[in-house]
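Peer 1: I would like to see how this sequence folds:
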Amino acid sequence: MSNLHVVDHPLIEHKLTLMRKKDASTASFRRLLREISMLLAYEVLRDLPMEIVDIETPVSPMKAKKIQGKKVCFVSVLRAGDGLLQGLLDLVPVARVGHLGMYRDHKTLEPVWYYNKLPDKMGERVTVVVDPMLATGGSAAAAVTEVQKSGAKDVRFLALVSAPEGYQRFAEEHPDVPVYTAALDEKLNEKGYIVPGLGDAGDRLFGTK
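Peer 2: Below is the predicted model:
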């Protein structure tokens, strides 16, 4: 699991515990997911290239660091990915946004496509694919394959909670794509849900059943 990064910051762990509770309200679940996504963004974008520029503070001139103009793109796997997307955009408001629509067939557990809209010049962008749950790994692997087909080369995957089975499948298909997650849980159950997990992230985020 050399490409798996579990971001175990105390603030993330605390907020995730609150989200896991079955009696957490839709409003609190949504707010906590947005907050955690901002904290996770610090790690997933930690290696953005920097450059030295000349600026003037109110006191004196100085040489200071800024991001080296690298373009960033967040790709949300609909619909639950939008819960992570909002916090990421709070942190990087100039980022371009793509959307990939798929749902998991409950019999085969495989992804079924219904939407694809990505920005242009994907090959020039740092692309972060976001989906709260890395469960079976099928949807995650398919989403990354799709952005790579569009020309993206620097791709990372960001999840809130992951299952070992999902990460293993993802790593087999995309061994060079790093995965960032707040937690690596115990296993998948017979229905393909992460255990202990937090239930269906989309339903809890949008208040649907």
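Peer 1: contacts, neighbours, all on C-alpha from now
Peer 2: Fine.
Peer 1: ranges for the strands of the chain?
Peer 2: 4-6, 50-56, 61-67, 71-78, 96-104, 111-117, 125-130, 133-134, 154-162, 179-184, 187-188, 194-195 (DSSP state E).
Peer 1: so which of those comes closest to His14?
Peer 2: Between His14 and the strands of the chain, the tightest spacing by Cα to Cα is seen for strand 179-184, at 10.6 Å.
Peer 1: list the helices and strands the closest one packs on?
Peer 2: Strand 179-184 is packed against strand 4-6, helix 10-20, helix 26-44, strand 154-162, with contacts defined by 3 or more Cα pairs under 8 Å, 6 or more residues apart in numbering; DSSP states H and E.
Peer 1: list the contacts of that strand.
Peer 2: 3-8, 12-13, 16, 40, 43-44, 156-164 (Cα atoms under 8 Å, 6 or more residues apart in numbering).
Peer 1: which of those residues count as buried?
Peer 2: For the contacts of strand 179-184, a burial check counting by 16 or more other Cα atoms under 10 Å picks out 4-7, 12, 16, 40, 44, 156-164.
Peer 1: low pLDDT regions in this structure?
Peer 2: 1, 104, 109, 209 (pLDDT under 70).
Peer 1: so who does Ala95 touch?
Peer 2: Here Ala95 is in contact with 71-74, 89 (criterion: Cα under 8 Å, 6+ apart).
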